[in-house]
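> next input, structure requested:
(chains A and B)
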Amino acid sequence: MTPHGPAATRLAAHRPFLSYSGAATISQDRSRWVNPGDEELVARAQSGDRRAFEELVDRHKQKAYYIAFDFARDREDARDLSQEAFLKAFTNLKKFDGRSSFYTWFYRILVNLCLDYKRRQKRRPTDTFDETMEAEVESSHQPQKPRSPDQQVLARQISKRVDEALAALPARQRTAFILKNHQGLSIKEIAELMETAEGTVKVHLHRAVTALRQSLAEFA
Amino acid sequence: MEDHNKIANPCKALEENLVLFHYGDLAESERQQVGNHLTSCAGCAGYLAQLAALLPLTVKTDEPPANFWSDYSRELRHKIDAVSEKKSWRELLGGFFRPRLLPAWGAAAAVTLALALTFGHQFWQSNDPPKEETALIEAMPVAENLEFFNTMDVLDNLDLLESMGNPGDAA
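Numbers count the residues shown, from 1 in each chain, chains lettered A, B, ... in the order given. The predicted structure follows:
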């Protein structure tokens, strides 16, 4: 699960979990005992071991949170969404049959919750983009916080336009784009998560990039 | 903001591969092909430069405060506790209605019904009125209608009574 492209280095600084592979590294036997794989933890959790499930949470919580954050673009909502995904996984754990990996199964739950959240949000009346929100968005968006007033105004404009452009994308295009651009998943992994063909993911990604390029062309 | 970026027109046939090239998600042979093409195509090179400038802008990063993750775990543990509690009650109740227990429940219901029919009969009878009382109750409507039947008898025999009252007519 390694991010690619120019954003990779910057992402890695904020999201160290991206290098996590879920596999042991030093001694296979020793690490299996010290650091069991997801599948083993799932099996233990399915037989009622709460600590095993908590271990799964500890492993995946950061990645889950950041995926939710990429969709929601709000800390509180991202926390709630990712926690809801863990709860849903916990209550449905006995239904998990191991046909896909726990990773794929769990992130599919999370992405579906995020898409539901976006659908609900679309139905809500749009909030006014007040100064507080602007300041919050500005401070969290890349590039680095600008210093001059002109640059601050530009950063606000970019933030607002990016949010609008992402929100305007159809759900499947947005999903493919976020999982690729923000999370650095491979096309194959995205296809598994979205339960679709790799070719379809490439089409969604291309269309999303084209739409965003048009919306943000003036900032290039 | 450079003007040449705004009008970057890539080759249509390569556009999808250029996006994948940007993300480093092309197979080696295709990557080389696109790389060679880029050296001679300003449109595609400009497009790629534009993607490199624009797409990172869409990433919003978040660095939660130090206590965020410990709070996160604690909060989630509470939520799981609440769900587990609900779940255990549901499982307890649901256990009675599991499909594999249905034949047992059916047999138990049948036995209960049989016992109720056998031994419960006495209880039902004890609530009935005594035999004499029952006979009286049954006879009451008959007694009430006795006068009516008597009237009907008189009407039936009206001709006979009339003839008995006038012996001359009878002759």
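> what residues does chain B put near chain A?
B:1-2, B:5-6, B:15-16, B:19-20, B:22-25, B:50-64, B:69, B:72-73, B:75-77, B:79-80, B:83-84, B:87 (C-beta under 8 Å from any C-beta of the partner chain). For glycine as for every other residue, the C-beta is placed from the backbone atoms N, C-alpha and C.
> buried ones among these?
Among the residues of chain B next to chain A, those scoring as buried are B:5, B:16, B:19-20, B:22-23, B:25, B:50-51, B:53-62, B:72, B:76, B:80 (criterion: 16 or more other C-beta atoms under 10 Å in any protein chain shown).
> inside strands: which ones of these?
In strands, defined here by DSSP state E, there are no members of those.
> pretty sure B:S73 contacts A:V57?
Yes. Taking contact to mean C-beta atoms under 8 Å, the distance of 6.9 Å between B:S73 and A:V57 places them in contact.
> can you count the residues close to A:H60?
The local packing count at A:H60 equals 24, with neighbours defined by other C-beta atoms under 10 Å in any protein chain shown.
> and the residue nearest to it when sequence neighbours are not counted, what helix or strand is that in?
Beyond its immediate neighbours in the sequence, the residue positioned closest to A:H60 (C-beta to C-beta, 6 or more residues apart in numbering or on different chains) is A:F106, lying 6.5 Å away. Under the criterion of DSSP states H and E, A:F106 resides in helix A:102-123.
> please identify the buried residues of that helix?
Going by neighbour count (16+ other C-beta under 10 Å), the buried part of helix A:102-123 is A:102-103, A:105-111, A:113-114, A:117-118.
> check stretch B:27-38 too.
B:34, B:37-38.
> run through who's touching that stretch.
Outside stretch B:27-38, the residues within contact range by C-beta atoms under 8 Å, 6 or more residues apart in numbering or on different chains are B:11, B:14, B:17-18, B:20-21, B:26, B:44-45, B:48.
> and A:T200, how far from chain B?
Relative to chain B, A:T200 is positioned 12 Å away (C-beta to the nearest C-beta, to the nearest Å).
> for that residue, give me its contacts.
With contact taken as C-beta under 8 Å, 6+ apart, A:T200 is in contact with A:191, A:194.
> neighbours around A:K202, how many?
Applying other C-beta under 10 Å, we find 20 other residues in the vicinity of A:K202.
> for chain B, what spans make up the strands?
Taking DSSP E as the criterion, chain B contains no strands.
> biggest helix in it, by residue count?
Of all the segments assigned as helix in chain B under DSSP state H, the longest by residue count is helix B:68-95.
> elements contacting that helix?
Helices and strands in packing contact with helix B:68-95 are listed as helix A:50-72, helix A:75-91; criterion 3 or more C-beta pairs under 8 Å, 6 or more residues apart in numbering or on different chains; DSSP states H and E.
> now it against helix A:50-72, angle please.
Interaxial angle, helix B:68-95 versus helix A:50-72 (axes from the mean of the first three to the mean of the last three C-alpha atoms, to 10 degrees): 120 degrees.
> that older thread, next step: the contacts of stretch B:27-38 restricted to helices.
The subset of the contacts of stretch B:27-38 located in helices under the criterion DSSP H comprises B:17-18, B:20-21, B:44-45, B:48.
> quick check: which element contains the nearest residue to A:F53 once chain neighbours are set aside?
Of all residues beyond its chain neighbours, the one nearest A:F53 is A:A45 (4.0 Å), with distances taken as C-beta to C-beta, 6+ apart. Under the criterion of DSSP H and E, A:A45 resides in helix A:38-46.
> list the buried residues for that helix?
Judged by neighbour count using 16+ other C-beta under 10 Å, the buried positions of helix A:38-46 are A:38, A:41-42, A:44-45.
> can I get these in CSV including pLDDT?
As requested, the buried residues of helix A:38-46 are exported to CSV (pLDDT from 0 to 100):
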residue, pLDDT
A:D38, 89
A:L41, 93
A:V42, 94
A:R44, 93
A:A45, 93
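> out of those, who's nearest A:Q173?
Distance from A:Q173 was checked for each of these by C-beta to C-beta. The minimum falls on A:D38, at 29.4 Å.
> dump the residue contacts of that closest one.
For A:D38, the contacting residues are A:22, A:56, A:59, A:101-103, by C-beta under 8 Å, 6+ apart.
> residues in contact with the spatially closest residue to A:L41 that is not a sequence neighbour?
Across the structure, with C-beta to C-beta, 6+ apart as the measure, the residue nearest A:L41 apart from its sequence neighbours is A:A52 (4.6 Å). The neighbours of A:A52, taking C-beta under 8 Å, 6+ apart as the test, are A:41-42, A:44-45.
> residue of chain B closest to chain A, please.
Among the residues of chain B, B:G24 lies nearest to chain A; the distance is 3.3 Å by C-beta to the nearest C-beta.
> how close does that residue get to A:R172?
Here the criterion is C-beta to C-beta, to the nearest Å. By it, B:G24 lies 22 Å from A:R172.
> for B:E162, same thing?
On the measure of C-beta to C-beta, B:E162 and A:R172 end up 106 Å apart.
> try A:A208
In this structure, A:A208 lies at 9 Å from A:R172, with C-beta to C-beta as the measure.
> more neighbours: the two, which one.
A count of neighbours by other C-beta under 10 Å puts A:A208 above the other of A:A208 and A:R172, at 25 against 17.
> centre-most residue in chain A?
Closest residue to the average C-alpha location of chain A: A:I67 at 1.5 Å, with C-alpha atoms, centre = their mean.
> what's the angle between the helix holding A:F106 and helix A:75-91?
130 degrees.
> which strands and helices sit next to helix A:102-123?
Using 3+ C-beta pairs under 8 Å, 6+ apart: helix A:102-123 touches helix A:38-46, helix A:50-72, helix A:75-91, helix A:171-177, helix A:187-194.
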